[in-house]
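Asks: Please find the sequence and the predicted model below.
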Amino acid sequence: MQLGAHVSAAGGPQNSPARGRQIGCDCIQVFTRNQRQWQGKPVTDTEVAAFRENRAEHGIGVVMSHASYLLNLGTIDPEKAEKSFNAFVEELVRCHRLGVEWLNFHPGAHTGAGEQTGIDQIAASLNAVCRAHPDKDDVGLVLENVAGQGTTLGRSFTELRAILDRLETPERFGVCVDTAHAFAAGYPLHTEAGWEETWAEFDQVLGLDRLVALHLNDSKVPFASRKDRHALIGRGEIGPDAFRRVVTDARTRALPMFLETPAGPAGWAEEIRWLRAVAEGADAPLPEIQDSGVKL
Ligand SMILES: [Zn+2]
Ligand SMILES: [Zn+2]
């Protein structure tokens, strides 16, 4: 089991391992800089050294960075495309320096240009990144499935496949499945049959060896609603059974899993405890925690 959450990197990424350990994380996801600003300070040598040291000291396994929500690798607007490309490269450089294994990102949105154009543009942007930085292949690039809000791309496994098929170095890429996004995009994770169908389809379309991580979130919005609203584990429209399955199913239980629920740090500690208990077959009741209103 590698259970974790999206922990704060306030004050610098070197502060995140202790925050993760404090709430019982084996692995952590972070923003390597303020995700709501285009320009971030580069990480300093001191921060890099401290991050590596603190990570070892607190026994944190896998670290995943979540790229900024601002960037859109699917846009055909030249100015926005350049800004997104530069921000993505800066993110890759930060991950490489910090020794972060995975850089997770939302594929992008076509903003009216059409799905085909958007997919071509995303692949072209990613190919340009990889061509410019062949030496940073120690950082795995991770396409995250999305709920399918607006013109966002990557809500279905076939759309992710279409992007992968256009990549020059697909071996540098993995996929992260967000349970709330998959459910909102129309994958019926809430039923036993739907759970089976979903992973069978994933395997057929993408191959289970592409699956490198999971974002564990319940959903505040109904099945196939194509909206992205995370709920506390077991308290949303997906319900607890899917989360029992995720920590027991041989296809998913060994993957790094990151909570992005609105539980906040104290609540994540409870959610992690519950997931560990049900992984061992306990009939544990869901934790009584509050929705902190935190949105990830
Ligand atoms: Zn995400
Ligand atoms: Zn989400």
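Replies: Perfect, thanks for sending it. Because the structure is predicted, anything quoted here is derived from the model rather than measured. Ligands and ions are numbered 1, 2, ... in the order given.

Asks: And the helices in this protein?
Replies: For the chain, helices defined by DSSP state H occupy the ranges 16-22, 45-57, 78-98, 115-132, 157-165, 179-184, 192-205, 240-246, 264-279.

Asks: Ala185 is in contact with Ser225, isn't it?
Replies: No - in this structure, Ala185 sits apart from Ser225 without contact. The criterion is Cβ atoms under 8 Å, and the distance is 9.2 Å. In this view, the C-beta of every residue, glycine as well, is placed from N, C-alpha and C.

Asks: just to revisit the earlier point, and the helices of the chain: which comes nearest Arg36?
Replies: Across the helices of the chain, the minimum distance to Arg36, taken as Cβ to Cβ, is reached by helix 78-98, at 11.8 Å.

Asks: which residues are contacting the closest one?
Replies: Outside of helix 78-98, the residues within contact range by Cβ atoms under 8 Å, 6 or more residues apart in numbering are 13, 32-33, 38, 40, 42-43, 48, 51-52, 63, 65, 67-68, 70-73, 75, 100, 103, 105, 108, 121, 125, 128-129, 132-133, 136, 138-139, 141.

Asks: Please repeat the previous calculation with a cut-off of 6 Å.
Replies: The set of residues that contact helix 78-98 without belonging to it, under Cβ atoms under 6 Å, 6 or more residues apart in numbering, is 32, 43, 48, 51, 65, 67-68, 71-73, 75, 103, 125, 129, 136, 139.

Asks: Buried ones among those?
Replies: 32, 43, 48, 51, 65, 67-68, 71-73, 75, 103, 125, 129, 136, 139 (16 or more other Cβ atoms under 10 Å).

Asks: Output stretch 143-153 as CSV, nothing but the C-alphas.
Replies: C-alpha atoms of stretch 143-153 as CSV (Å, rounded to 0.1, in the frame of the first residue of the first chain):
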residue,chain,number,x,y,z
LEU,A,143,-1.7,12.2,-18.2
GLU,A,144,-4.6,12.5,-15.8
ASN,A,145,-8.2,11.7,-16.9
VAL,A,146,-10.6,14.6,-16.5
ALA,A,147,-14.3,14.9,-15.8
GLY,A,148,-14.9,16.4,-19.2
GLN,A,149,-16.1,19.8,-18.1
GLY,A,150,-16.3,22.3,-21.0
THR,A,151,-13.9,21.5,-23.8
THR,A,152,-11.4,19.6,-21.7
LEU,A,153,-9.8,16.6,-23.3
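
Asks: what's the average pLDDT for it?
Replies: The average of the pLDDT scores along stretch 143-153 is 98.

Asks: what comes into contact with it?
Replies: Residues contacting stretch 143-153 (Cβ under 6 Å, 6+ apart): 74, 104, 106-111, 118, 154-155, 159-160, 175-178, 181-182, 184-185, 226-228.

Asks: list the buried ones in it?
Replies: Leu143, Glu144, Asn145, Val146, Ala147, Gly148, Gln149, Thr151, Thr152, Leu153.

Asks: same deal with stretch 37-47?
Replies: Within stretch 37-47, the residues that qualify as buried by neighbour count (16+ other Cβ under 10 Å) are Gly40, Val43, Glu47.

Asks: Could you do stretch 197-211 as well?
Replies: Within stretch 197-211, the residues that qualify as buried by neighbour count (16+ other Cβ under 10 Å) are Thr198, Trp199, Phe202, Leu206, Arg210, Leu211.

Asks: Who are the contact partners of Met1?
Replies: Applying Cβ under 6 Å, 6+ apart to Met1 gives the contacts Ala279.

Asks: How about Leu214?
Replies: Going by Cβ under 6 Å, 6+ apart, Leu214 touches Val177, Leu255, Met257.

Asks: Quick check: closest non-adjacent residue to it.
Replies: Spatial nearest neighbour of Leu214, excluding adjacent residues (Cβ to Cβ, 6 or more residues apart in numbering): Met257 at 4.6 Å.

Asks: Can you name the residues bridging to the one you found?
Replies: Listed by DSSP bridges, the beta-bridge partners for Met257 are Leu3, Leu214.

Asks: so what's it scoring on pLDDT?
Replies: The per-residue pLDDT reported for Met257 equals 98.

Asks: now Ile28
Replies: For Ile28, the pLDDT comes out at 98.
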